[in-house]
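Novice: When you get a sec, could you give me coordinates for this:
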Amino acid sequence: MLDYDETLHLLQRAKNGDEEAKNLLIINNSPLVKSIVRRYKNRGVEYDDLYQLGCVGFVKAINNFDESYNVKFSTYAVPMIAGEIKRYLRDDGSIKVSRSIKGQYYLIQKYIDECKQNGRESPSIKELSEKFNIDETELMFIMESSKMPVSIYDSLNKETNSGQVVLDKLSDYNEQDEILNKMIIKDIINQLDNKDKKLIILRYFRDKTQSEVAKILNVSQVQVSRLENRILNKLKNKLKD
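Specialist: Numbers count the residues shown, from 1 in each chain. Prediction:
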């Protein structure tokens, strides 16, 4: 893996037309591109084609990145890669979302809305998976299907004829981008040892407080805080390309 300074050096060379530098960036960041591509498999487009689209988005990130953004290049590149793939699926792909998938998505979104209205936090992927008896991977596909082309005037609930249409929910779609980011970060977390992984999953994927994590791990809250800071620093170093 390239460190932060090496990445910036290669970015400067690539932006000046150095193809070798550009290729080195692509090669060393291929795991990042692949981690995003995997989220869009089984959508009617070959994996190799999706990977090429991801690389196109990655190259756009190289060309548009500016150090003054004050973010890591990998952080900047993720939405560029995902955006290129989603743009193709939306505009050029032959993807058609079935009525059953649409129906499942609307039911899931309705449940999420009800949780919020009752003062609860948004349910986790695991909770939704158990609630609707759907595999987590399949659930992610259904949630991502909300980004596929549908009429903005489609009814949200044809059974109750509530009068709400898709347009009414457009403001909520960005929540799914957060899910994508969490899944990408999860790939990196899998590289941690079991104890560190458990702490991070409890804190950031199960929404547990430090006190709750301390009870589960049978340590003090102060220890959890120190461990969490150490692990986050470790993750930051891993994220520096």
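
Novice: Could you list the low-pLDDT ranges of the protein?
Specialist: Judged by pLDDT under 70, the chain has its weakly predicted residues at 1, 69-70, 91-101, 137, 140-141, 144-188, 190-191, 235-241.

Novice: Domain map for it?
Specialist: What automatic domain parsing lists as the domains of the chain is 4-91, 99-173, 191-239.

Novice: deepest of these, which one?
Specialist: Using mean count of other Cβ atoms under 10 Å, the stretch among the domains of the chain with the largest mean neighbour count is domain 4-91, at a mean of 16. All C-beta spots, glycine's among them, are computed from the backbone N, C-alpha and C.

Novice: separation between the closest residue to residue 111 other than its chain neighbours and residue 52?
Specialist: Nearest non-adjacent residue to residue 111, counting by Cβ to Cβ, 6 or more residues apart in numbering: residue 131, 6.6 Å away. Distance, residue 131 to residue 52, by Cβ to Cβ, to the nearest Å: 37 Å.

Novice: For this protein, just list every one of the helices.
Specialist: Ranges of helices in the chain, per DSSP state H, are 4-15, 19-28, 30-37, 47-64, 73-91, 99-117, 125-132, 136-144, 174-189, 194-204, 210-217, 221-239.

Novice: and the gap between the residue nearest to residue 111 and residue 209?
Specialist: Residue 131 sits at a distance of 23 Å from residue 209 (criterion: Cβ to Cβ).

Novice: And residue 232, by the same measure?
Specialist: Distance of residue 232 to residue 209, computed by Cβ to Cβ: 16 Å.

Novice: Ok, residue 51 next?
Specialist: The gap separating residue 51 from residue 209 is 40 Å, by Cβ to Cβ.

Novice: before we move on, what about residue 14?
Specialist: Residue 14 is 43 Å from residue 209, by Cβ to Cβ.

Novice: cool, residue 199 as well?
Specialist: Distance, residue 199 to residue 209, using Cβ to Cβ: 12 Å.

Novice: now swap in residue 87 and tell me
Specialist: Counting by Cβ to Cβ, the separation of residue 87 from residue 209 is 39 Å.

Novice: quick one, what contacts residue 20?
Specialist: residue 13 (Cβ atoms under 8 Å, 6 or more residues apart in numbering).

Novice: and what of residue 220?
Specialist: Taking Cβ under 8 Å, 6+ apart as the test, what residue 220 contacts is residue 214.

Novice: Quick check: phi and psi on it?
Specialist: phi -80, psi 160 (degrees, to the nearest 10).

Novice: go on, residue 44?
Specialist: Per-residue torsions, residue 44: phi 90, psi 10 (degrees, to the nearest 10).

Novice: For residue 89, see how far away it is.
Specialist: Taken as Cβ to Cβ, the span from residue 44 to residue 89 is 9 Å.

Novice: go on, residue 233?
Specialist: 37 Å.

Novice: what's the answer for residue 204, then?
Specialist: Going from residue 204 to residue 89 by Cβ to Cβ gives 28 Å.

Novice: Verify the contact between residue 196 and residue 231 for me.
Specialist: Yes. Using Cβ atoms under 8 Å, residue 196 is in contact with residue 231, at 4.9 Å.

Novice: contacting residues around the nearest residue to residue 139 once chain neighbours are set aside?
Specialist: Nearest non-adjacent residue to residue 139, counting by Cβ to Cβ, 6+ apart: residue 129, 5.2 Å away. Going by Cβ under 8 Å, 6+ apart, residue 129 touches 135, 136, 139.

Novice: just residue 58 next, same as before
Specialist: Contact partners of residue 58, counting by Cβ under 8 Å, 6+ apart, are 25, 26, 29, 32, 33, 77, 80, 81.
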